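Peer 1: predicted model and sequence follow; I will ask about them next.
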Amino acid sequence: MLSILPMLISVWKRPESKKTEAYCICALASFIFGYHVHEKAILLSLLPLAVVAVRNPDDGLGKTFLILSSAGYSGLLPLIFTDFEQPMIILLFACSELFTLSLFETQFKR
């Protein structure tokens, strides 16, 4: 609870500013410091963080999103465990990472 308190106070004082960023930080803190965390819980912070990283390229959240998405999505890979699905999922994961890298590269060059 103490890890999300500063962001909650800032949103309480200025409710019109950075609500999505506050949600991302609170979701990530609850994922990191949670007692019992499932692999899928990282999606609660990754999906809004993708929107924030693309919407505000000057904030520097692009690198954070790339690192967290790579770690988060690769943590989901063991959930697909059959031998038939594994090569396809790894190929889709690699394509997704390359696509995300190329999109963010073109987004942040502007």
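Peer 2: Nice, I can see it. These figures come from a predicted structure and were not determined experimentally.

Peer 1: middle-most residue in the chain, spatially?
Peer 2: residue 46 (2.2 Å; C-alpha atoms, centre = their mean).

Peer 1: quick one: list the elements packing against the lengthiest helix in the chain.
Peer 2: Secondary structure assigned by DSSP state H gives helix 86-109 as the longest helix of the chain. When contacts are defined as 3 or more C-beta pairs under 8 Å, 6 or more residues apart in numbering; DSSP states H and E, helix 86-109 packs onto helix 61-76. Where you see a C-beta, it was placed from the backbone N, CA and C, and this is true even at glycine.

Peer 1: which strand or helix spans residue 43?
Peer 2: Using DSSP states H and E, residue 43 sits within helix 43-55.

Peer 1: where does pLDDT dip in the chain?
Peer 2: For the chain, applying pLDDT under 70 flags the ranges 1-3, 36, 110.

Peer 1: now do 50
Peer 2: Within the chain, no range satisfies pLDDT under 50.

Peer 1: thinking again about what came up before, so who does the residue nearest to the centre of the chain touch?
Peer 2: Shown in contact with residue 46 (C-beta atoms under 8 Å, 6 or more residues apart in numbering): 65, 68-69, 72-73.

Peer 1: at 7 Å instead, please
Peer 2: 68-69, 72 (C-beta atoms under 7 Å, 6 or more residues apart in numbering).

Peer 1: ok, now how distant is it from residue 65?
Peer 2: Going from residue 46 to residue 65 by C-beta to C-beta, to the nearest Å gives 7 Å.
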